[in-house]
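> Predicted coordinates and the sequence they were generated for:
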Amino acid sequence: AVVSTQSTGGVFFSQYVFSANVMVRVATRPAENPMGIMARKFSIGGVGGSMARNAPRLSLPGKLVFPSSHTTGHFSMLGLGDIVMPGLLLCFVMRYDAYKRAQHAKLAEAGIPLPKHWQRISYFHCSLFGYFLGLLTATISSEVFKAAQPALLYLVPFTLLPLFAI
């Protein structure tokens, strides 16, 4: 809980300490291409180190960039971690639903009656709906406050709470 509070506080209040939002600064700075670094270090690339000079710049860390509606030329970003981490949860939940269906088929084959609500509830669909609501909430809060928002702050509760509610 302490680490979560510190990281969340660091995201929201870093602008007052460092005069810049650390989360946005890290996500938008250009990264050095590892191939260019290795080419310079080992003098690879022929005459004049053309490989090191011509190595393309990368936009790391991975992110999706969307145009924002409140300012022309302003963009909203969704980091790769905001997609991958809840995606892993969704994969595990989908796998559990498949396991549950297989168990249902085995029990039905054996002639054992099951409760009616067993097939009706899909953990995957509930969690996917929560993920959508979390993204929508993060986007709306970013537009309302006109500041960067950590999407996982909204995605984690919105994907986990439906699972706990079931």
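The structure has been received and is ready for your questions. Numbers count the residues shown, from 1 in each chain.
> Export the helix or strand where L152 lies to CSV, keeping only CA atoms.
Using DSSP states H and E, L152 sits within helix 151-165. What follows is helix 151-165, C-alpha atoms only, in CSV (Å, rounded to 0.1, in the frame of the first residue of the first chain):
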residue,chain,number,x,y,z
ALA,A,151,-4.3,4.6,-16.9
LEU,A,152,-3.5,1.6,-14.7
LEU,A,153,-4.9,3.6,-11.7
TYR,A,154,-8.3,3.2,-13.4
LEU,A,155,-7.8,-0.1,-15.2
VAL,A,156,-6.8,-2.3,-12.2
PRO,A,157,-9.9,-1.6,-10.1
PHE,A,158,-12.3,-1.7,-13.1
THR,A,159,-11.0,-5.1,-14.2
LEU,A,160,-10.7,-6.7,-10.8
LEU,A,161,-13.9,-5.4,-9.1
PRO,A,162,-16.2,-7.3,-11.5
LEU,A,163,-14.3,-10.5,-10.8
PHE,A,164,-14.7,-10.0,-7.1
ALA,A,165,-18.4,-9.1,-7.5
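> which other residues reach that helix?
Helix 151-165 is contacted from outside by 8, 11, 78-79, 81-82, 85-86, 89-90, 93, 123, 126-127, 129-131, 133-135, 137-138, 141, using CB atoms under 8 Å, 6 or more residues apart in numbering. Every residue, glycine included, has its C-beta placed from N, CA and C.
> How about stretch 112-123?
Contacts for stretch 112-123 (CB under 8 Å, 6+ apart): 93, 96-97, 100-101, 104, 107-108, 163, 166.
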